[in-house]
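Engineer: With the input below, show me the fold.
(2 chains)
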Amino acid sequence: MPPVLEARDLAKSFGGVKAVDGVSFSVEAGKLVALIGPNGAGKTTCFNMLNGQLKPDRGEVLLEGKPITGLEPRKIWRLGVGRTFQITATFASMTVRENVQMALISHAGESWRLFGRADQRRLEPANALLDQVGMTQQAERACGVLAYGDLKRVELAIALANEPKLLLMDEPTAGMAPQERIALMALTARIARKRGIAVLFTEHDMDVVFAHADRVLVLDRGRLIAAGTSAEVRNDPQVRAVYLGSGATSGGH
Amino acid sequence: MLDLVLTQTLNGLASASSLFLVACGLSIIFGVTRIVNFAHGSLYMLGGYLAFTLVTWLGPADPLGFWGGVVLAVLLTGLAGVLIEVLILRRIYQAPELFQLLATFGVVLMLQDIALATWGPEDKLGPRAPGFRSFVILFDNRFPSYELFLIAVGPVVLGLIWLLFHRTRWGVLIRAATQDREMVSALGVNQRLLFTSVFAFGAALAGLGGALQLPREAINLHMDLSMIAEAFVVVVVGGLGSVTGAYLAAVLIGVLHAFGILILPKITLVLVFLVMAAVLIVRPHGLLGKASVEPRGHAGQLFLLRPADRAAKLFGAVALGLLALAPLVVPDHVILTLTDLVIFAVFAASLHLLMGPGGITSFGHAAYFGLGAYGAALAVKWLGSPMEEALMLAPLMAGIAGAIFGWFCVRLSGVYLAMLTLAFAQIAWATAFQWVDLTGGDNGILGVWPSAWAVPKTVFYYLALAIAVLVIVALRVIIFAPFGYALRAGRDSPLRAEAIGLDVGRLQWAAFTIAAVAAGIAGGLFAFSKGSVFPTYMAIPRSVDALLMVLLGGVQTVAGPVVGAFAYMGLNEQLAKMTAYWRFGLGLSIVLLVVLFPRGLVGTWLYWRARRESAAQATAVA
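Structural biologist: Sure thing, here's the model as predicted:
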């Protein structure tokens, strides 16, 4: 069986800068893979090529063996890829529950219906998802007024709404307090393992990475310089050189 | 043939100069302050009138008198710009974009009446410019030397502005603020002074454009709106914030006009529009425009959209009951007014679908209202349709136009989109106005009467009321249905909407078409209510009527547009009764409303209620 996600020789340049230069890796079902690297290493560019926001100059993206390179984000989502954003993106004029309902409605192909109250649809699965991420208490609140950590959890619930095979999380814990970070990733890991979801995430906080990632990929200046378990990567001399002094053992940002 | 081509090119270039001056001022102001100044055409008109008075007073024959008058007019227009900025705009920079726009439209109305009161309704023909009275023989044609002077003005001003922007600190600040004004203010630049001076500069440019028209054509009270529409086209084609782009676009539009009048006089405006549409499809930010840095963070908190609670439902039921019982007690002419009111409520509700859940600002929604009215009238006139059939054809025609125009519009966003909608409305208006054989032109189409059973005023009123309730309820259902939610999702966060599989562009396109159909229904009813249709049904003021109704009620509420329609039309009616200068009164009311209630009437009420509730919650927790 092919891996859930496979990237082959991805490359993207902006002007003369090779942001990503020949990166290949794969993510298996139920595994958490972290993509790390210093600022400007090409993490976000890599991510945006995987989810369809950027077209790669070269290379291929395969989802369960089928090419999805260059498809529009909404088509990639339809194929079973959920995602969360570095800066949270939710619908501010809707409640927490309605945000999740909206994703469920879209997944069910009902978003063009002109009749019937949207907030009465898909209530049970919405509540179940909110329960999973621990947001039941705040289901009726407007997303516009939530604390940042809670928004991140709402995003996770939205991303899970299409029963994804693959979850792409761009800095899922950025802007959260240290305790919250560990808790959110622990939650993600639990859900991913239970449902057999492949997770690829970028992260600056090494505590989070080493605590939860099954594998770690290290990017530097557009190239993959190391890949392996937390322990392997931690002891890799090249990685140490890249991260020298920037805290390979404690939370960076 | 060749000489004809050359003369027309020169004509086009000459008219391009004033267009450039106005558009470039508009563009610079928008670049720095993010305000779309609807009143820019009015400043152009003001420049023309001031030049007329000053030149006449200083002595038109004397070069010093003439040019002195022009310079003074420019300075005074700049001063008028300062007044507008300091008295009105400065107070609402934090308000949503649309409210700023609305305020500037209030200024348009006020300046119209100020000009009417000061200079009277008749056209003012200016003197020829001293030193430029003769003709030059070019290609065996006599060509006025003043035209050649005007042709030179454009590039000269362009060059001066370039020097100003690249050689002075002030100019550098303007360019910096156009790129990223938050960064500029973070660097400690005095924003107030910058904004005021930029507004004054832009106003002075518009004033110059108007003053230079004096020897060329009569100054009149319609200069403002016809200029603003063309200036929008130029700014959009050239690219917002780009001065060179504005010049290129002004030349393009000016020359196109000159040839259009020669070859296809009936579809000049359609031609202009086609060019604009083509440019925007190839380059969505105009010829030389760049995608600008959007203001960081969210502008204003978005309200949750809740279905009506019991109090609101009760209020609605009582209001509907009163409307249903009204014909029993009120005199005939009030029934006519009420008929208009319910029709306009439909019109406003249709625009609200776009502006509220869709997040699409339309400056040209009157196009669909007017096309509905014309659809009905043309059916009566050319097909001999009875009212029932004509009322079906009205939304059909509006809906088809909405689907075509909307397809273009949803490709753009923000101000570009809004200006494109305005351009489309101008096309529709121009077609009704210029295609005399079909539409009767300015004389309109008369004799659009209801079927015999609906002729009594009360019966027609009930018909309109019933249709209005149906349409408004249908729009409400749509807003709370999955489609409405998906539309709102696209407005709240296009990124997230796309990431959960929503096709935002197509959702918006559908909303555009639905809104056009609903507006067409209102237009069809209006045609039969009045018994006639005129091109003014599609003119800019009618589009602004709709905008005002929606904004007055509050964009983020569903009941808002209906309340807004009643408040606005009521205000209009009262003002018209009280004074001949009702425009001034209306303009002033708009400005005051925007300054005092930046959330709209219903929006303000909801805001206060929400604050009271959260205060109560806070006390309860404590």
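Engineer: all helices of chain A, in order?
Structural biologist: A:43-50, A:73-78, A:96-107, A:123-132, A:148-159, A:178-195, A:206-212, A:230-234, A:237-243 (DSSP state H).
Engineer: want to throw those into a markdown table with mean neighbour count and distance to chain B?
Structural biologist: For every residue, glycine as well, the C-beta is placed using N, CA and C. Converted to a markdown table, the helices of chain A look like this (neighbours: other C-beta atoms under 10 Å in any protein chain shown; distance: least, C-beta to the nearest C-beta, whole Å):
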| stretch | mean neighbour count | distance to chain B |
| --- | --- | --- |
| helix A:43-50 | 24 | 11 |
| helix A:73-78 | 20 | 5 |
| helix A:96-107 | 27 | 4 |
| helix A:123-132 | 17 | 13 |
| helix A:148-159 | 24 | 7 |
| helix A:178-195 | 17 | 17 |
| helix A:206-212 | 20 | 23 |
| helix A:230-234 | 17 | 29 |
| helix A:237-243 | 15 | 30 |
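Engineer: Which helix or strand contains residue B:60?
Structural biologist: For residue B:60, there is no helix or strand it lies in under DSSP states H and E.
Engineer: I'd like to know how many residues surround it.
Structural biologist: When neighbours are defined as other C-beta atoms under 10 Å in any protein chain shown, residue B:60 has 20 of them.
Engineer: Could you pull up the residues touching the residue nearest to it when sequence neighbours are not counted?
Structural biologist: Spatial nearest neighbour of residue B:60, chain neighbours left out: residue B:127 (3.5 Å); criterion: C-beta to C-beta, 6 or more residues apart in numbering or on different chains. By C-beta atoms under 8 Å, 6 or more residues apart in numbering or on different chains, the residues touching residue B:127 are B:55-56, B:60-61, B:66, B:214-215.
Engineer: and those residues, which two are the farthest apart?
Structural biologist: Greatest spatial distance among those (C-beta to C-beta): B:61 and B:214, at 14.1 Å.
Engineer: between those two, who's got more neighbours?
Structural biologist: residue B:214 (29 against 10).
Engineer: can you pull the contacts of the more buried one?
Structural biologist: With C-beta under 8 Å, 6+ apart, residue B:214 has these contacts: B:48, B:51-52, B:55, B:70, B:126-127, B:129.
Engineer: Apply 7 Å and report the result again.
Structural biologist: Listed by C-beta atoms under 7 Å, 6 or more residues apart in numbering or on different chains, the contact set of residue B:214 reads B:48, B:51-52, B:55, B:126.
Engineer: quick one: which of the residues you listed is nearest to chain A?
Structural biologist: Distance to chain A across those (C-beta to the nearest C-beta) is lowest for residue B:48, with 44.9 Å.
Engineer: May I ask you to confirm that that closest one is in contact with residue B:224?
Structural biologist: No: using C-beta atoms under 7 Å as the test, residue B:48 is too far from residue B:224 to be in contact (9.7 Å).
Engineer: quick one, which of these two is more surrounded?
Structural biologist: Each of residue B:48 and residue B:224 has its neighbours counted (other C-beta under 10 Å); residue B:48 has more, 32 against 25.
Engineer: any idea which helix or strand carries that one?
Structural biologist: Using DSSP H and E, the element containing residue B:48 is helix B:40-58.
Engineer: which parts of that helix are buried?
Structural biologist: For helix B:40-58, burial by neighbour count (16 or more other C-beta atoms under 10 Å in any protein chain shown) applies to B:40-56, B:58.
Engineer: Stretch B:563-572 too?
Structural biologist: By 16+ other C-beta under 10 Å, the buried positions in stretch B:563-572 come out as B:563-569, B:571-572.
Engineer: Give me the subset of those residues lying in helices.
Structural biologist: Those of the buried residues of stretch B:563-572 lying in helices (DSSP H): B:563-569, B:571-572.
Engineer: Convert whichever strand or helix holds residue B:377 to CSV, retaining C-alpha atoms only.
Structural biologist: Assessed by DSSP H and E, residue B:377 sits inside helix B:366-382. Taking Å, rounded to 0.1, in the frame of the first residue of the first chain, the C-alpha atoms of helix B:366-382 are listed here in CSV:
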residue,chain,number,x,y,z
ALA,B,366,-29.8,50.1,-9.8
ALA,B,367,-28.9,48.4,-13.1
TYR,B,368,-30.9,45.4,-12.1
PHE,B,369,-33.8,47.4,-10.7
GLY,B,370,-33.8,49.4,-13.9
LEU,B,371,-33.5,46.4,-16.2
GLY,B,372,-36.4,44.9,-14.3
ALA,B,373,-38.5,48.0,-15.0
TYR,B,374,-37.4,48.1,-18.6
GLY,B,375,-38.0,44.4,-19.0
ALA,B,376,-41.6,44.9,-17.9
ALA,B,377,-42.0,48.1,-20.0
LEU,B,378,-40.5,46.6,-23.1
ALA,B,379,-42.7,43.5,-22.8
VAL,B,380,-45.7,45.8,-22.6
LYS,B,381,-44.6,48.0,-25.4
TRP,B,382,-43.2,45.5,-27.9
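Engineer: Find the residue at the geometric middle of the chain.
Structural biologist: Picking chain A for this. The centre of chain A sits closest to residue A:169, judged by C-alpha atoms, centre = their mean, with a distance of 1.3 Å.
Engineer: wrong one, chain B
Structural biologist: Central residue of chain B (C-alpha atoms, centre = their mean): residue B:363, at 4.4 Å.
Engineer: where's that one relative to residue B:349, distance?
Structural biologist: Applying C-beta to C-beta, to the nearest Å, the value for residue B:363 to residue B:349 is 18 Å.
Engineer: Residue A:24 now?
Structural biologist: Here residue A:24 is placed at a distance of 55 Å from residue B:349 (C-beta to C-beta).
Engineer: neighbour-wise, which of those two wins?
Structural biologist: residue B:349 (33 against 13).
Engineer: Quickly note the distance from that one to chain A.
Structural biologist: 15 Å (C-beta to the nearest C-beta, to the nearest Å).
Engineer: Do you know the pLDDT at that residue?
Structural biologist: According to the prediction, residue B:349 has pLDDT 94.
Engineer: what's the answer for residue A:170, then?
Structural biologist: Per-residue pLDDT puts residue A:170 at 88.
Engineer: With adjacent residues omitted, what lies nearest to residue B:529?
Structural biologist: residue B:339 (5.2 Å).
Engineer: Quick check, that neighbour in contact with residue B:460.
Structural biologist: Yes: here residue B:339 reaches residue B:460: they are 6.5 Å apart, a contact under C-beta under 7 Å.
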